[in-house]
Every structure is written in C-alpha cells, then in structure tokens.
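Visitor: Dropping a prediction and its sequence here:
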Amino acid sequence: MGRQPCCDRVGLKRGPWTIEEDHKLVHFILSNGIQCWRTVPKLAGLQRCGKSCRLRWINYLRPDLKRGALSEAEEDQIIQLHARLGNRWSKIASYFPGRTDNEIKNHWNTRIKKRLQLMGIDPLTHQPIDMEKYQHEPDQTEKCDKRNEPENFIENTNDVSLPNNPHHNMLSDSFNVDLLNKSGNTMSTCYSPSISLEAEESINLSTTTSAATESSSNVAALTEEQDSLQQWMDSIFSCAVNQLEEDLIFLRKYN
DNA sequence: AACACCCTCAACCGCACCGCC
DNA sequence: CGGCGGTGCGGTTGAGGGTGT
C-alpha cells in the first residue's frame, strides 16, 4: 500500500524534454519564482508533473549550473567526501557549486567507482579490497544501503579536508536571493542548503571525534577546521558581489 | 555498412522527511 | 497525535551515442 502518485499521470507527458518545454519552464520560473512545484506545470502550460519539472530545473535548467566534465581535483574531493558522508549525494553536491547531486552520483557510478576498483580500493568502504573475498562477492560495491548512515564513515574523518571551494553554494544562494526579491516567495531549499548547516556539520563531526577520544590532536584539528571554515566563509562573501552581477545579467537576458 | 555491445546521463520511481491541519 | 500533501533524496532505468568487430 504505497503512497498516492505525486500527480495524476493521465495525459501527462514523460521522457525527454523538448526545447519548447524547457523554454516554458525557464520563463515561468524566472518570471514567477516557485511557490509549489505541483502548480508549476499547470501555470506554465506544461503537460508534465511537478516532480518532473522540479528535476528538470534542478538538474538541467538552473542558470547557475556548471557544465562540462568534472576535473580530477573535483573527483578527488568527491572521493574524500564520499568517504565521510557515504551516498549522501545531495550533501556531497553542496560542496560543488553548479554541480547537481544527480551529476555527481552518475559520475561516481560510471567513473570514480571503476577508478577506485582499478586502484584496488573498495568504493563502499574506501579500504583496500580483499581481492579473494572480492572475487567471491563481486557486487559488494552495490550493497550500498538506502539512506546510508554517516556513522559508517566517520572513522575516516581525519582523512578528509574541509570544504575548500570558495564558491561553495554561493552561486545558488545568490541566485535564490534574486528570485526571492523578484517573486516575494520562498524558493525550494533544494539548491540552497544553508551555509550554517554545513559549518555546523563540519564542526559536529570534529566534535564527535574529539569527544570520543578526548585527544589533544583532535582538539587541534577542530581549531584548524574552524579556521578553515572561517576562511572559506570569508571567500564566499568576497565572491558574492561578482556572482550577483552575473545573475542579474542572466535575468535581464531572459526577461 | 551492419550489428552488437558498452557507456553515459537524463529522467523516472518510490520512499523518507517535514510541516501543516 | 495522526493523516496528508509537498518536497527532497537515492537508486534504477533506458534512450541514445560511441566504439569495436
């Protein structure tokens, strides 16, 4: 007995989006903002369900999306974050402005996973593969439970650096500010996770570790992470003005 | 040229979470 | 407090392009 479907599927279009549909959706969102995804397709004149519209916007149409392949440095950072966070793709994606959780998830499944396996590292545990066992259980990298709990990965916290990308979330945050100002409505929080949450998590992870061991090295690590966090936040503010200008140019172009 | 196979990634599905009533 | 609706998230699928034979 599952939930009701998100929408009445009768008469709704599925599959790849056309340019015309894209245009309708972009134009509607830039003009009106997003109050409720369910109402978006009706108001925008689309034969799609709200969920589909949301996904299309988030994964493809958002103006702050970064196109192109992920760099090796980004891959390395994904690996580090995955070691700490597990399959929490949206969380990982929040460290990469302009990248979507779907993009990172796909990249992980199609490339990084294979790369790690070639290196003899289990993509799930990030530990060296026990080759004999691995041969008997070739699917073990697939046994990734839904809603992986971060506790399984915290032991690797010391291997992971803090988010060092100065653009962290800034692009989407500033974009949302524009839309909020324009529409006066609340945008979905999906692509604008709060900075304080990220900071809090980073500190909490360290705090958990230091509470467990009460070692002076962890206290030092905590201080170091907090310093890094401060630098990272400073750099966000320094970039914000430039991004706001870019967003403004984009909005003028579509209006 | 034709076919098979592989790879990528956009899109979908279903569940979990959260806020509201 | 429980039901419900809206949304977010992670897993999975399948179309389409690329490559090998």
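Guide: Happy to help now that I have it. Residues are numbered from 1 along each chain as shown, chains lettered A, B, ... in the order given.

Visitor: Tell me which stretches of the stretch 51-200 of chain A form strands.
Guide: Remark: strands of the stretch 51-200 of chain A are absent; assignment by DSSP state E, counting those that start in this stretch.

Visitor: Any stretches of it with poor pLDDT?
Guide: A:130-200 (pLDDT under 70).

Visitor: What parts of it come near DNA strand B?
Guide: Where proximity means Cβ under 7 Å from any atom of the strand, the interface of the stretch 51-200 of chain A facing DNA strand B comprises A:51-52, A:55-56, A:59-60, A:69, A:102-103, A:105-107, A:109-111, A:146-147. Glycine gets a C-beta too; all of them are placed from N, C-alpha and C.

Visitor: One more pass at 10 Å, please.
Guide: Contact residues (Cβ under 10 Å from any atom of the strand) of the stretch 51-200 of chain A with DNA strand B: A:51-61, A:65, A:67-70, A:100-103, A:105-107, A:109-111, A:113-114, A:146-147, A:149, A:189.

Visitor: overlap between the residues you listed and the residues near DNA strand C?
Guide: When those are filtered against DNA strand C using Cβ under 10 Å from any atom of the strand, the residues retained are A:51, A:53-55, A:57-59, A:100-102, A:105-106, A:109-110, A:146-147, A:189.

Visitor: Buried subset of these as a PyMOL selection?
Guide: Buried members of those, identified by 16 or more other Cβ atoms under 10 Å, are gathered into one PyMOL selection as follows:
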select buried, chain A and resi 53+54+55+57+58+100+101+105
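
Visitor: Looking at the ones next to DNA strand C among the residues of the stretch 51-200 of chain A next to DNA strand B, which are in helices?
Guide: Members of these lying in helices (criterion: DSSP state H): A:51, A:53, A:54, A:55, A:101, A:102, A:105, A:106.
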